[in-house]
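# pasting a predicted model and its sequence here:
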Amino acid sequence: MAVRERVVRMSVEQPLWRALTGYRVMTLLYAVLVFAAGRDRYERPAIAVAYLAVLAVWTLATLPKVANAASCTTRFLVADLTLALTGILLTPLADAHAQSVDGPTLPTIWTAGSVLAYAIKGGWRWAGVASSLVAVANIIERGHPTRDTVHNVILVWVASIAIGYVVEVARASERTLARALEIEAATRERERLARDIHDSVLQVLAMVQRRGTALGGEAAELGRMAGEQEVALRTLVAGGLTRPSHVSEDASEGAVVRAVETGDEPGDTAGPVDLRALLAPRAGARVTLSDPGAPVLLPPPAARELAAAVGAALDNVRVHAGEDARAWILVEDWPDEVIVTVRDDGPGIPEGRLAQAEGEGRMGVALSIRGRLRDLGGTAELISVPGQGTEVELKVPRPPRDARGKAGEK
């Protein structure tokens, strides 16, 4: 079976860092072109050339710094913004008429890239501080607040704060999603363990209690102790399913998505399994198995869980219908699903008994049967009429044909 994996913490802010990298390069070229186009008006062009040369070296050398949040350190942000503010304040020295004609500053719109780095790294509060410093520098450079200056300052201020706020919301959403995936994976693992416990330990304890009570004497005391342990274990299993514990973030980061998206266990890389081979050991003197003549192929996890659900249904027949009850297993292989029906000739289940059993912590049908089928994307329907036996219909959807082909090749 092909296992699809993705990284839980694939941050939505990563595309913003890539966009910022391109923005810084393009705005550097724009600043150079603006200077080249209006070079004649500069009284001290050497200052502008020297600053743009430093800006070019800094921009190209620090491209890795704006590749992600980890590389973009606070020290880098301070140095980057300082370079932008220096360029704004140097503009009147290079162009004495800049204040009167309201011309562009030396870094032009490159300054916005520095402010946006603050927004992506630290959120809207950092963006507000950086854009406010840029506003102060622009007002000092102009000598007085002009209409165009105020317009540009407000534009950068609003845009950077909005981007910073969006980044903070995205980070909170990522944390919520990751936690939800962790809880879901932990809950599924608990349910799987609870099913295994029900199919083995709880069944043995229940049998010891019944046999001990029937034999009497010291065996009755042993049966009583087994019954107490059965009740305690059922309570523990039922309680654990309602209180998922904390899952380690580092340990679960990769496994969470595999468990949620595929339901596979580690090592499930073998080809399809013939369901008939897993059900054949269930047949016996009082259990009749009817299956197709051709193999009923399913992915290993689905085949194992479906066979375990059939086993749980047969255990219920033995425990509740009596040792003399007969059972029939019918396997139907359809193009889009596999249906397994388990029917018995027992006394049936009284109305409301299943809900009462779940309330008492007896989770056989809820976990060993319905829980397994739910995890496989299938359904389990139980039909019982008092005095006419019980029928359990288990349906498991087939994977797409191309997925089955890939599974067979692995």
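Received it, and whenever you're ready, just let me know what you need.
# residues in contact with the nearest residue to Val385 once chain neighbours are set aside?
Nearest non-adjacent residue to Val385, counting by CB to CB, 6 or more residues apart in numbering: Gly348, 5.3 Å away. (Each C-beta comes from the backbone N, C-alpha and C, glycine too.) Residues in contact with Gly348 (CB atoms under 8 Å, 6 or more residues apart in numbering) are Ser384, Val385, Pro386, Gly387, Gln388, Gly389, Thr390.
# buried ones only from those residues, please, as a PyMOL command.
Selection of buried members from those for PyMOL, criterion 16 or more other CB atoms under 10 Å:
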select buried, resi 384+389+390
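# okay, the contacts of Gly348 in TSV with distance to Leu330 and secondary structure next?
Listed next are the contacts of Gly348 as TSV, based on distance: CB to CB, whole Å; DSSP: H, G, I helix; E, B strand; the rest coil:
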residue	distance to Leu330	secondary structure
Ser384	17	strand
Val385	18	coil
Pro386	23	coil
Gly387	22	coil
Gln388	17	coil
Gly389	14	coil
Thr390	14	strand
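# may I ask which two of the contacts of Gly348 are separated the most?
Using CB to CB, the two most remote members of the contacts of Gly348 are Gly387 and Thr390, lying 10.9 Å apart.
# if we can go back for a sec, hang on, the residue nearest to Val385 is in a strand, isn't it?
No: using DSSP: H, G, I helix; E, B strand; the rest coil, the assignment for Gly348 is coil, not a strand.
# distance of it from Ala46?
Distance, Gly348 to Ala46, by CB to CB, to the nearest Å: 99 Å.
# next, give phi and psi for Arg44.
phi -130, psi 80 (degrees, to the nearest 10).
# was I right about it contacting Leu93?
Yes: the pair Arg44 and Leu93 qualifies as a contact (CB atoms under 8 Å) at a distance of 6.2 Å.
# quick one, phi psi at Arg398?
Dihedral angles (degrees, to the nearest 10) for Arg398: phi -80, psi 150.
# what score does it have for pLDDT?
Reading off the confidence values, Arg398 has pLDDT 86.
# list the contacts for it?
Counted by CB under 8 Å, 6+ apart, Arg398 has contacts Leu298, Trp334, Pro335, Asp336, Glu337, Val338, Arg404.
# most distant residue from the centre of the chain?
Glu43 (59.7 Å; CA atoms, centre = their mean).
# in this structure it contacts Thr91, no?
No: with contacts counted by CB under 8 Å, Glu43 stays clear of Thr91, the gap being 11.6 Å.
# excluding chain neighbours, what is closest to Leu85?
Per CB to CB, 6+ apart, closest to Leu85 is Ala137, 4.6 Å.
# contacts for the one helix or strand the one you found maps to, please.
For Ala137, the host element (DSSP states H and E) is helix 124-142. By CB under 8 Å, 6+ apart, the residues outside helix 124-142 that reach it are 77, 81, 84-85, 88-89, 91-92, 98-99, 102, 105, 111, 114-116, 118-119, 145, 149, 152-153, 156-157, 160-165, 168.
# among those, which are in strands?
Under the assignment DSSP state E, the contacts of helix 124-142 contribute nothing to strands.
# and for Gln341, the neighbour number?
Small correction: residue 341 is Thr, not Gln. 19 (other CB atoms under 10 Å).
# any idea how far Val66 is from it?
62 Å.
# got it, and Ala178?
Ala178 is 25 Å from Val66, where distance means CB to CB.
# give me the more crowded residue out of the two.
Taking neighbours as other CB under 10 Å, Ala178 and Val66 compare with Val66 leading, 28 against 18.
# hmm, that one is touching Arg18, no?
No: using CB under 8 Å, Val66 is not in contact with Arg18; the gap is 9.0 Å.
# for stretch 293-304, buried residues please.
For stretch 293-304, a neighbour-count test (16+ other CB under 10 Å) marks Val296, Leu297, Leu298, Pro299, Pro300, Pro301, Ala302, Ala303, Arg304 as buried.
# how many other residues sit next to Leu116?
25.
# oh sorry, the question was meant for Thr108
Considering only other CB under 10 Å, Thr108 is surrounded by 20 other residues.
# for Glu189, same thing?
So Glu189, with other CB under 10 Å, has 15 neighbours.
# specify the angle between the helix or strand that it is a member of and helix 124-142 in degrees.
Applying DSSP H and E as the criterion places Glu189 in helix 147-197. If you take axes from the mean of the first three to the mean of the last three CA atoms, to 10 degrees, helix 147-197 sits at 170 degrees to helix 124-142.
# which strands and helices sit next to helix 147-197?
helix 110-122, helix 124-142, helix 218-242, helix 249-261, helix 372-375 (3 or more CB pairs under 8 Å, 6 or more residues apart in numbering; DSSP states H and E).
# which residues are in contact with the first one?
Contact with helix 110-122 is made by 13, 16-17, 20, 23-24, 27-28, 30-31, 55, 59, 66, 69, 72, 77, 80-81, 83-85, 87-88, 105, 126-127, 129-131, 134, 156, 159-161, 163-164, 167, as judged by CB under 8 Å, 6+ apart.
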